[in-house]
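*Asks:* Structure of the sequence below:
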Amino acid sequence: MESETCKAIETAKRMMASKDYMGARSKLLEVQNQFGDQDTICGMFTMSDILSAANLTPSGCESDWYLILQVSPASSTDRINSQYLKLTNLLEVIKYDVPDASTALKLIQDAFAVLSNPQKRLIYDSKRITSWGNYEGLNVMVGSNTGDDDGLLLHGSSVHEDIEGEEKNGVSKGTLELGPLASMSAPSCSPPSPLSSLASGRSLLSLQWSAEDFVSGQVWAIYDADGMPRRYVVLNYVISSTEVCATFLEPHPVSDDEVYWVEENLPLVCGSFKVGTATIALGISRFSHLVRCKQSTKKLFYKIYPNKGEVWAMYRNWSHKWTQSELVDNQCRIVEILSDFCEDSDVTVVGLEEVPGYKTFFQRQLSDGFELIRMVPWSEMLSFSHSILSFTIPEIQVHGIPKGSLHLEPNFLPRTLTNS
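*Replies:* Coordinates of the predicted model:
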């Protein structure tokens, strides 16, 4: 067992030396899961996170000292002091055995020198906020002095769901309390699922993630500039109760159509993705849902496609040669995925339509009593806009809503819908 541990640690060291920090983290996780915590492993985890964070330098600013020290911008001086001592102790154990450990130590010393000095910290905070605010137009969250994520509203429906139209059976004052009843119809995530950690009685429709829902190595969808979950990240570690550190997944186009979409800066949500170079602090409110995907052995590449049981928005009258303006002006339809994606076969989908009078409840679309089912070939994967969280509500028919109808997360619904 000891020889296997040593061999895995040496592999992780080589990965770090070549700046493959994500690969090193994955290898260390394997060792930790198999053999438990060890001082060397904990130190190397710390070193990997620090060096990875140091790779990202916002324009017009120094290194992100908060990311390097793994604290929130809202942290107190006491919190910064204790975190600095904790990281120093972890790195001291490995500084003579692991290449670049001394570099990581120097980085946290530099971070502490700025963040522990009130005057230096004030000047740095001003530069940092400006730099992150201009970062590629991504509207990333950089923390808040109030402890809450400001600048972006929390995406997710409330416990009470508004009902459009006249009042229905069992509906009081235009609302229907769904929280205690709801369950996800098709979790678009792989274990560990955030839903498994929800306290008893907590509404599954609130989508208010907490730091405990995030685990290193998870792939999450986050909201883009249009407020839709069309970007993906790999979770690195939790910074605070309101922020986590994550690395963006970037499209890895294969076909000519995919290359065109990437070059035109159109949102590519299905296909192959690679671990990018941008590691960033993100407010928890930016996170939409866990993503179910296939990973390469070294977890450097990910394949993300619609899965059976999920609900997706699809572009209507889609063309692989669209421009930005054509994409913005286009309508969407909602479909339920009936079969898992395979590169050598089509994906089967069925159209969904709104339940009359209920703006967030959808049922399968019928024509002459038959469900409207169609096949989507691999060549049309770009026609998928984004995944939509869906929930089943037991005994929903007592409220006048057809049995089997799905409640769709309101903030995921496209602004323009069509059933055609």
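*Asks:* Give me the below-cutoff pLDDT ranges for the stretch 151-300 of the chain.
*Replies:* 151-208 (pLDDT under 70).
*Asks:* so where do the helices sit in it?
*Replies:* Using DSSP state H, counting those that start in this stretch, the helices found in the stretch 151-300 of the chain span residues 256-263.
*Asks:* same for the lengthiest strand in the chain, what does it pack against?
*Replies:* Across the chain, the longest stretch assigned as strand under DSSP state E is strand 271-283. For strand 271-283, the packing partners by 3 or more CB pairs under 8 Å, 6 or more residues apart in numbering; DSSP states H and E come out as helix 65-69, strand 231-238, strand 243-251, strand 301-304. Every C-beta, even on glycine, is put in place using the N, C-alpha and C of the backbone.
*Asks:* Can you tell me which of these is most buried?
*Replies:* helix 65-69 (a mean of 26; mean count of other CB atoms under 10 Å).
*Asks:* Could you list the alpha-carbon positions for that helix in CSV?
*Replies:* Taking only C-alpha atoms (Å, rounded to 0.1, in the frame of the first residue of the first chain), the coordinates of helix 65-69 have been written out as CSV:
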residue,chain,number,x,y,z
TRP,A,65,-4.4,37.4,-3.2
TYR,A,66,-7.8,36.3,-1.9
LEU,A,67,-7.8,33.3,-4.2
ILE,A,68,-4.3,32.5,-3.3
LEU,A,69,-5.0,32.7,0.4
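*Asks:* Go ahead and name everything in contact with that helix.
*Replies:* With contact meaning CB atoms under 8 Å, 6 or more residues apart in numbering, helix 65-69 is reached by 50, 53-54, 56, 72-73, 75, 80, 83-84, 87, 107-108, 110-112, 114-115, 124, 128, 143, 239, 245, 279-281.
*Asks:* so how far is it off the chain centroid?
*Replies:* 21 Å (CA atoms, centre = their mean, to the nearest Å).
*Asks:* What of stretch 72-80?
*Replies:* Put simply, stretch 72-80 sits 25 Å off its chain's centre (CA atoms, centre = their mean).
*Asks:* got the buried residues for that stretch?
*Replies:* 72, 73, 74, 75, 80 (16 or more other CB atoms under 10 Å).
*Asks:* And that stretch, end to end?
*Replies:* One end of stretch 72-80 to the other measures 9 Å (CA to CA, to the nearest Å).
*Asks:* I'd like the average pLDDT over it.
*Replies:* What stretch 72-80 shows for mean pLDDT is 82.
*Asks:* and the closest residue to residue 17 other than its chain neighbours, how far is that from residue 229?
*Replies:* Leaving aside its chain neighbours, residue 17 sits nearest to residue 99 (5.4 Å; criterion: CB to CB, 6 or more residues apart in numbering). From residue 99 over to residue 229 the distance is 39 Å, taken as CB to CB, to the nearest Å.
*Asks:* now do residue 217
*Replies:* Distance of residue 217 to residue 229, computed by CB to CB: 19 Å.
*Asks:* who's more crowded, those two?
*Replies:* When residue 217 and residue 229 are compared for neighbours, residue 229 comes out ahead with 26 against 14, by other CB atoms under 10 Å.
*Asks:* Quick check: that one touching residue 387?
*Replies:* Yes: counting by CB atoms under 8 Å, residue 229 touches residue 387, with 6.5 Å between them.
*Asks:* Need the residues touching each of those two.
*Replies:* Both residue 229 and residue 387 are contacted by 221, 289, 412, under the criterion CB under 8 Å, 6+ apart.
*Asks:* Distance check, the residue lying closest to the last one once chain neighbours are set aside against residue 80.
*Replies:* Nearest residue to residue 412 in three dimensions, chain neighbours excluded: residue 388, at 4.2 Å (CB to CB, 6+ apart). The spacing between residue 388 and residue 80, counted by CB to CB, is 41 Å.
*Asks:* ditto for residue 333
*Replies:* Residue 333 is 51 Å from residue 80, where distance means CB to CB.
*Asks:* ditto for residue 281
*Replies:* With distances taken as CB to CB, residue 281 is found 15 Å from residue 80.
*Asks:* Name the surrounding residues that touch stretch 95-113.
*Replies:* 13, 16-17, 40, 43-44, 46-47, 50-51, 54, 63, 65-66, 68-69, 80, 84, 87-88, 91-92, 94, 120.
*Asks:* Just the ones of those residues in helices?
*Replies:* 13, 16-17, 40, 43-44, 46-47, 50-51, 54, 65-66, 68-69, 80, 84, 87-88, 91-92, 120 (DSSP state H).
*Asks:* so residue 248 touches residue 231, yeah?
*Replies:* Yes: using CB under 8 Å, residue 248 is in contact with residue 231, at 7.0 Å.
*Asks:* So what's the gap between stretch 71-85 and the chain middle?
*Replies:* 26 Å.
*Asks:* before we move on, what about stretch 271-285?
*Replies:* 8 Å.
*Asks:* If you count neighbours, what's buried in that stretch?
*Replies:* Buried residues in stretch 271-285 (16+ other CB under 10 Å): 271-273, 275-276, 278-285.
*Asks:* Kindly list the main-chain dihedrals of the residue lying farthest from the centre of the chain?
*Replies:* For the chain, the residue at maximal distance from the C-alpha centroid (CA atoms, centre = their mean) is residue 368, at 40.3 Å. Main-chain torsions, residue 368, degrees, to the nearest 10: phi 60, psi 40.
*Asks:* Setting aside sequence neighbours, what's the nearest residue to the most centrally placed residue in the chain?
*Replies:* Geometric centre of the chain, nearest residue: residue 220, 2.4 Å, by CA atoms, centre = their mean. Nearest non-adjacent residue to residue 220, counting by CB to CB, 6+ apart: residue 287, 5.1 Å away.
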